[in-house]
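Student: Got a sequence here, can you build the structure:
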Amino acid sequence: MPRIGTRKPAPEMLKNIDTMVVDLQDVGSRYYTFIWTMYLCMQTCEEMHKSFVILDRPNPIGGLLTEGPVLDSTFASFVGLRPLPVRHGLTIGETGNYFRNEFFPDLDFHVIPAQGWERKMSFDHTDLPWVMPSPNMPTPDTALVYPGMCLLEGTNLSEGRGTTRPFEIFGAPFIDSLHLTHNLKNYTLQGVIFRPLHFQPTFQKHAGKLCGGAQIHITNKNTFRPFKTGVAVLKAIHDLYPQYFSWKQPPYEYETKKLPIDILAGTDRLRKEIEKGEKLNNMEAWWQEECHQFNRTIRKRYLLYK
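Tutor: Presented below is the predicted three-dimensional model:
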């Protein structure tokens, strides 16, 4: 009988197939576990000499921009097994191309390219219907804020699960929404405004409790930087409510020792600099340098689209 509850396919699961075909809508963020399930499937297929085919799909948040730290392998987990920036700017086919050439050179690997997609396109330029890849990814705008707002999973803040706008709505019972949104203006973030609100999650963090917080409204997709925005939210709440804010403790996504915020960020540097009050622009400088280095030395080799 096949094993139940395993992330990497067991050999007996694949013994009666010749080719594994992947047809998944990724959302363009390193934390989203579809690409790591794919990675583990590629690993088993290489070990068993099976062929692997990806039916490629657009990156819904575009293929030009990268943002956030590149994973330090010390913090590898199921929300990041190999080096990638948080916002990686790759399609799932390009991600597979990277995995195959860097880690699985003996895998019989093929990508069927998406037709008509260009790197500059966001999802609303494709004329394709949005089919939710998971319950808490209801719209393309959710995917756009996700590279930053998923960081809230590593805290005691609600990331909006249990509302109709997960990751766009965030907060906690101890937050004064007007005070928070006024403070966030000091970061002069581009392409985004924060609307103060109160909400009551129906499940997960603070279920049934009235939370103060805000809703993110994207005003310019080209200038909006989701990861920087998510870090600004963490810094603002960390500094305003030090007696209430806390980092979530493990376990999280099968990791039982390292802090969830550290495996999400792919480094402990982000958390430590928030704790010591480092300026946001100084933080952005080092993670963008990591992105530039990754783009120059690795990412550019595996791009399939202009």
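Student: rest of the way, CA atoms for contacts and neighbours
Tutor: Noted.
Student: The host helix or strand of R271: which residues count as buried?
Tutor: Assigned by DSSP states H and E, R271 belongs to helix 269-275. By neighbour count with 16 or more other CA atoms under 10 Å, helix 269-275 contains the buried residues L270, R271, I274.
Student: Out of those residues, flag the one nearest to D72.
Tutor: Within those, distances to D72 taken as CA to CA reach their minimum at L270, with 11.9 Å.
Student: Can you read off the pLDDT for the closest one?
Tutor: Looking at L270, its pLDDT stands at 98.
Student: any idea how far K279 is from it?
Tutor: 11 Å (CA to CA, to the nearest Å).
Student: same deal with N183?
Tutor: 14 Å.
Student: cool, and Y31?
Tutor: Counting by CA to CA, the gap from Y31 to K279 is 25 Å.
Student: For Q190, what are phi and psi?
Tutor: Main-chain dihedrals, Q190, degrees, to the nearest 10: phi -90, psi 140.
Student: can I assume it is in contact with T223?
Tutor: Yes: using CA atoms under 8 Å, Q190 is in contact with T223, at 5.7 Å.
Student: Those two: who's more crowded?
Tutor: Q190 (17 against 12; other CA atoms under 10 Å).
Student: ok, now which ones touch the more buried one?
Tutor: Counting by CA atoms under 8 Å, 6 or more residues apart in numbering, Q190 touches N220, T223, F224, R225.
Student: Repeat that for R271.
Tutor: If you count contacts by CA under 8 Å, 6+ apart, then R271 has I261, D262 around it.
Student: again with S177
Tutor: Per CA under 8 Å, 6+ apart, neighbours of S177: P196, L197, H198, G212, G213, A214.
Student: Need the residues you listed in CSV (columns: pLDDT and distance to T91).
Tutor: Shown next, in CSV, are the contacts of S177 (pLDDT from 0 to 100; distance: CA to CA, whole Å):
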residue, pLDDT, distance to T91
P196, 98, 34
L197, 97, 35
H198, 98, 36
G212, 98, 36
G213, 98, 33
A214, 98, 31
